[in-house]
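Colleague: Dropping the sequence and predicted coords here.
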Amino acid sequence: MLIIIKIMGCESSREHYTKEETLITNAEASLGFSNCSADIVDLWIRKYSSDGTINTEQMKDIFQGCEISMKRPLESSKLLNCFRRKDNTYTLKPFLIFGILLSTDLHNKKSSLLFEVFDEHYENSLKEAAIHQLIDYMLNISINLLPLSILDQDLPDAKINKVLLYSKYLKSFQEIAKESLIRMLVRDEVKDDGTLTKVHFIESFDVGELHHLLTPHGIRLYVKKIAETTSKSVVLLNKRYIRQLSDSFFENGTEEN
């Protein structure tokens, strides 16, 4: 079942901030990347990385370059540990997407930099599979990883559990949201060679309110709308099925009598 949601209105309106969203966005703000432009984040993360990885000292340099004070040692951060590999290095691409999503900048700049995460040779085009992978990262970071930032806050267990349940709820609709986003961003613009141009990708975020999908909060809100719409659709389908089943049972019962 493919569901496409039109994003209407201002996503930053306070009415969209549930208690769970408020806790997550407050924790996100404490990370410091929202005080940086996307260009600055992209510059320092790329500068202090090598061969697609970031080591511990390079990570510290990134925070220093972005003028972000680390609230706790890298090793004890529950959130940053999600990017850590077995060899104690961090993977560049997801951390770069993480930083760009959290940064503050014009939406065409953010979408351009996100595209370039996979356009490593600056060919201004990507295979459709790479677009799918980029959207996967954007969803996973916003839905599954960033809610974990509350674990680095001094919060009561009850609030933490509510946020984790909220994250789990959104995750159950992640695949449906992915299909919908791919449909909206890619549409019928894939060329004969299976690629999508950078220009089209950037322009896609100019349509309606899609630029809100360049922030973690906007992505979670979109998935939440997907969840609500899907749930309503299932309820309507179930009611229709029950009605048809009842009608069928009644008809069969009448015939037997």
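Modeller: Sure thing, it's come through.
Colleague: What ranges in the stretch 1-150 of the chain fall below the confidence cut-off?
Modeller: 1-16 (pLDDT under 70).
Colleague: how does it look with 80?
Modeller: Along the stretch 1-150 of the chain, segments meeting pLDDT under 80 span 1-17, 71-75.
Colleague: Show me where it has its helices.
Modeller: 19-30, 38-47, 56-65, 92-102, 107-118, 128-140 (DSSP state H, counting those that start in this stretch).
Colleague: Counting by contacts, list what the third one packs against.
Modeller: It stands for helix 56-65. Helices and strands touching helix 56-65, as assessed by 3 or more CB pairs under 8 Å, 6 or more residues apart in numbering; DSSP states H and E, comprise helix 38-47. No exception for glycine: its C-beta is placed from N, CA and C like everyone else's.
Colleague: residues of the helix it packs on that come out buried?
Modeller: By 16 or more other CB atoms under 10 Å, the buried positions in helix 38-47 come out as 38, 40-45.
Colleague: gap between it and the chain center?
Modeller: 20 Å (CA atoms, centre = their mean, to the nearest Å).
Colleague: wait, which of the helices of the stretch 1-150 of the chain is closest to I160?
Modeller: Evaluated with CB to CB, the helices of the stretch 1-150 of the chain place helix 19-30 nearest to I160, the distance being 8.4 Å.
Colleague: okay, the angle between that closest one and helix 92-102?
Modeller: With axes from the mean of the first three to the mean of the last three CA atoms, to 10 degrees defining the directions, helix 19-30 sits at 110 degrees from helix 92-102.
Colleague: Which residues outside helix 19-30 are in contact with it?
Modeller: Residues outside helix 19-30 that contact it (CB atoms under 8 Å, 6 or more residues apart in numbering): 17, 34, 71, 102, 146-147, 149-150, 152-153, 155, 159, 162-163, 166, 216-217, 220-221.
Colleague: Would you mind giving me the PyMOL syntax to select the buried ones in these?
Modeller: Remark: buried members of the contacts of helix 19-30, expressed as a PyMOL selection using 16+ other CB under 10 Å:
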select buried, resi 17+102+146+147+149+150+152+155+162+163+166+216+217+220+221
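Colleague: where's M70 relative to S103, distance?
Modeller: Separation of M70 from S103 (CB to CB, to the nearest Å) stands at 17 Å.
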